[in-house]
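Chemist: Mind looking at a prediction? Sequence and model below.
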Amino acid sequence: MNRGVGRDIGKSRHFLTLIRFNPWLFLLGVLLSLGYYGFPLIVGLILRAFFDALAGEDDVRFGISTLVILFLATRLTVQIFEQGYAATYAYFEGKLKTLIRGNLFNRLLQDADGRAVHGPGEIVNRLDDDIDGTIAPIMIFLALIGHAAAAVIATAVLLTVNPYITLLAFIPMIAIVLLANGMGRRIQSFRHESRKTTGRVTGFLGDLFGAVLTVKATSGEANIVLHFERLNEDRRGAAIRERLFNRLLASMNSTTVTLATGVILIFAAELMRSGDFTVGDFALFVSYIALGEITVLAFADRLGALLAALKQAHVSIWRLLELLPGISQESLVRPGPVYLRGDFPAVPFNKKRSTDRLQTLEVGGLSFIHPETGRGIEGIDLRLDAGTVTVITGRIGSGKTTLLESLLGFLPSGGGDIYWNGERVSDPASFLVPPRCAYTPQVPSLFSDTLRANILLGLPEDRVDLSASIRKAVMEHDLELLAEGLDTRIGPRGARLSGGQVLRTAAARALVREPELVVFDDLSGALDVETERTLWRRVFEQSEMAPAGRVVSTYLVVSHRRAALRRADNIIVLKDGRIDAEGTLEVLLKSCNEMQRLWHGDLSTAKNR
């Protein structure tokens, strides 16, 4: 098309990858765009013949009535192509957005650091507006192919009528391309500032919605409103600058096209007066060059829009990649399944295999230091045998949660090895998942859906024992108090539930998957004494009530509560990121000073870091 466009397309490696994602749909869009932009050329020829017939020209082959019928039939055909093109365009656009959004969302779910750096509001903003900006050049390019073909044909037809006037049509195209290339850096600069300030606003809103109670408790409403107004003022200024510049650029493009159109029509009118131009020729030139969006000069305007969109797309791609440092453009646009019609595929039910059964889990030299604090864990060795309950305890900041997150692969490896039944686990994050392992964090995430949906998370209810998991999580009495039981909608982040109910819902979610290894991080912290005692009794009764020969779940639990410590098969005492002592409660109370202080002190303050 031109060297500037080709260079920008080459830089955007996602461009051709996304086109190849669904080439047949893209090809269908191209064919429909050829019809949408091409059939109006026939309309121009019909208009030429019509006006020549009215002027009494001798070479008119059809009568006026026939031309009127042809005109109506052609316009109807254009409408059919337009509707088909619009539907294909929207469907293809939706598939590309969903693909990128799915790839990025999957990576975000796997990457703990990405979630920590950016708030949910900022992430949602980038998953929306910046994905639009990423695929905008592709959608313009889809339309431009048909428009370019129509422009080439129109130019060829016009050259046969009058080559000198036709050549004037190329002047605005050259001017617009040079203008867009020259303004490239400013386009990117304004887009970057606009997206950054918008992200600050949405990110702040996302954080604010999750901290309403904190704001009220500290009477910080006035400061919050003031800060929000400042962010909005920055966003308003950046948005006005970007919009003003884009409008100015579009106006310059439009003015260039309009001036060129005027010059062309003036020349055509002069030739018509001299007799070298018929009324039909004039109508043809007006149709192909000046009227409507499907014209030669409108193609020049669209070409300028493509160049601007390519510049803006670089900013959008950079912002998407910034969410996850280290992610490549290739992984961002990697082909995968996209579901826009019909039912979503069923969540796969991973039936437990014999190789998934846990006999022993061994950890050697596990280490991780948080770079921002210099604290963490170092040289952790532990062994879990099937059917046992191991409790990790220690003071605040001793590294209990860090140990669990390192073990499960939520934190990057800082050293150490993990062995499942003697086999080394190279990727804990993908290996230690149901049905092998299930994890309940200190602050579980619940969704604005029913209680049933939050526990099952897509699992087929007829394949699991939902009632048993609810009982083990001590939730049966809570269901009696909820108006719709398991079908009660719990609101955003489980807003309609108490803190203890949220934790026990998350525990039921883990238990319903019947994992070999259950990992709880301070599960009983928000429970009353009686509920906690019942929960641990039901957890521990598994080994007493299990049928002979059946391997029961293994538990790795962070807790400071006496009910858990009393029933544990093994207790690991952490101190300053290292194992200070290990053994049963009876042994540790005799031999470990740290355990004695934890047991006799205020254990309610001994939560994890």
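Modeler: Everything's here; your move.
Chemist: Can you tell me how far residue 103 is from residue 82?
Modeler: 32 Å (CB to CB, to the nearest Å). Bear in mind the C-beta positions are built from the backbone N, C-alpha and C, glycine included.
Chemist: Where does pLDDT dip in the stretch 301-450 of the chain?
Modeler: For the stretch 301-450 of the chain, the stretches flagged by pLDDT under 70 are 301.
Chemist: got the residue ranges for the strands in it?
Modeler: Listed in chain order, the strands of the stretch 301-450 of the chain (DSSP state E, counting those that start in this stretch) span residues 360-369, 376-385, 389-394, 417-420, 423-424, 437-440.
Chemist: Is it possible to get TSV of those that adds distance to residue 34 and mean neighbour count?
Modeler: TSV is the format used below for these (distance: least, CB to CB, whole Å; neighbours: other CB atoms under 10 Å):
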stretch	distance to residue 34	mean neighbour count
strand 360-369	58	18
strand 376-385	61	18
strand 389-394	66	25
strand 417-420	58	18
strand 423-424	57	10
strand 437-440	54	23
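Chemist: closest to residue 317 out of those strands?
Modeler: Closest to residue 317 of the strands of the stretch 301-450 of the chain, according to CB to CB: strand 360-369, at 31.5 Å.
Chemist: Contacts for the closest one next, please.
Modeler: When contacts are defined by CB atoms under 8 Å, 6 or more residues apart in numbering, strand 360-369 is touched by residues 375-386, 402-403, 405-407, 411-422, 517, 554.
Chemist: quick check: angle from that strand to strand 376-385?
Modeler: Strand 360-369 runs at 180 degrees relative to strand 376-385, counting by axes from the mean of the first three to the mean of the last three CA atoms, to 10 degrees.
Chemist: chain center to strand 360-369, what's the gap?
Modeler: 33 Å (CA atoms, centre = their mean, to the nearest Å).
Chemist: Direction included, what does it pair against?
Modeler: Paired neighbours of strand 360-369 in the sheet (DSSP bridges): strand 376-385 (antiparallel), strand 417-420 (antiparallel).
Chemist: How about residues contacting the shortest one?
Modeler: In this structure, residues lying in contact with strand 417-420 by CB under 8 Å, 6+ apart are 358, 360-366, 407, 424-425, 428, 431, 436.
Chemist: rerun that using 10 Å as the cut-off
Modeler: The contact list for strand 417-420, computed with CB atoms under 10 Å, 6 or more residues apart in numbering, reads 355-366, 383, 406-409, 424-428, 431-432, 436-437, 516-517.
Chemist: State the helix or strand in which residue 520 lies.
Modeler: strand 517-521 (DSSP states H and E).
Chemist: Pull the distance from that strand to the chain's centre.
Modeler: With CA atoms, centre = their mean, you get 29 Å for strand 517-521.
Chemist: what packs against that strand?
Modeler: On a contact count with 3 or more CB pairs under 10 Å, 6 or more residues apart in numbering; DSSP states H and E, strand 517-521 meets strand 389-394, helix 400-407, strand 437-440, helix 499-511, helix 529-545, strand 554-558.
Chemist: Helix or strand with the lowest mean pLDDT in the chain?
Modeler: helix 3-11 (a mean of 43; mean pLDDT, DSSP states H and E).
Chemist: so can I have TSV of the strands of the stretch 301-450 of the chain showing distance to residue 74?
Modeler: Compiled in TSV, the strands of the stretch 301-450 of the chain are given as follows (distance: least, CB to CB, whole Å):
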stretch	distance to residue 74
strand 360-369	70
strand 376-385	73
strand 389-394	77
strand 417-420	70
strand 423-424	71
strand 437-440	64
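Chemist: Tell me which of the ones you listed lies nearest to residue 38.
Modeler: Once these are compared by CB to CB, strand 437-440 is nearest, at 58.4 Å.
Chemist: The closest one pairs with which strands?
Modeler: Counting by DSSP bridges, strand 437-440 is paired with strand 517-521 (parallel).
Chemist: Can you give me the buried ones in the strand it pairs with?
Modeler: Residues of strand 517-521 classed as buried by neighbour count (16 or more other CB atoms under 10 Å): 517, 518, 519, 520, 521.
Chemist: tell me the mean pLDDT for that strand?
Modeler: Averaging pLDDT along strand 517-521 yields 93.
Chemist: do the same with stretch 67-82
Modeler: For stretch 67-82, the per-residue pLDDT averages 88.
Chemist: In which helix or strand does the residue nearest to the spatial centre of the chain reside?
Modeler: For the chain, the residue nearest the mean C-alpha position is residue 101 (3.4 Å; CA atoms, centre = their mean). Element membership of residue 101, judged by DSSP H and E, is helix 64-110.
Chemist: tell me what that helix is packed against?
Modeler: Using 3+ CB pairs under 10 Å, 6+ apart, helix 64-110 sits against helix 14-21, helix 23-54, helix 112-117, helix 120-125, helix 131-161, helix 296-322, helix 329-332.
Chemist: I'd like the distance from the second one to the chain centre, please.
Modeler: Offset of helix 23-54 from its chain centre (CA atoms, centre = their mean): 38 Å.
Chemist: Run the angle between that helix and helix 131-161 for me.
Modeler: 40 degrees.
Chemist: Please report the distance of the residue nearest to residue 98 when sequence neighbours are not counted from residue 33.
Modeler: Leaving aside its chain neighbours, residue 98 sits nearest to residue 338 (4.8 Å; criterion: CB to CB, 6 or more residues apart in numbering). Taking CB to CB as the measure, residue 338 and residue 33 are separated by 22 Å.
Chemist: Residue 140 too?
Modeler: Taking CB to CB, one finds residue 140 at 11 Å from residue 33.
Chemist: Mean confidence (pLDDT) on the strand or helix carrying residue 201, please.
Modeler: Residue 201 is located in helix 184-209, with elements delineated by DSSP H and E. The predicted model assigns helix 184-209 a mean pLDDT of 71.
Chemist: and residue 451, how many neighbours?
Modeler: Per other CB atoms under 10 Å, the neighbour tally for residue 451 reads 26.
Chemist: That one: what's it in contact with?
Modeler: By CB under 10 Å, 6+ apart, the contact list for residue 451 reads 470, 475, 478-479, 482, 484-490, 494, 496-497, 501, 505, 508.
Chemist: neighbours of residue 65, just the number please.
Modeler: 8.
Chemist: From residue 91, how far out is it?
Modeler: 40 Å.
Chemist: go on, residue 143?
Modeler: 15 Å.
Chemist: do the same with residue 384
Modeler: In this view, residue 384 and residue 91 are 51 Å apart by CB to CB.
Chemist: Check residue 577 too.
Modeler: Distance from residue 577 to residue 91, by CB to CB: 54 Å.
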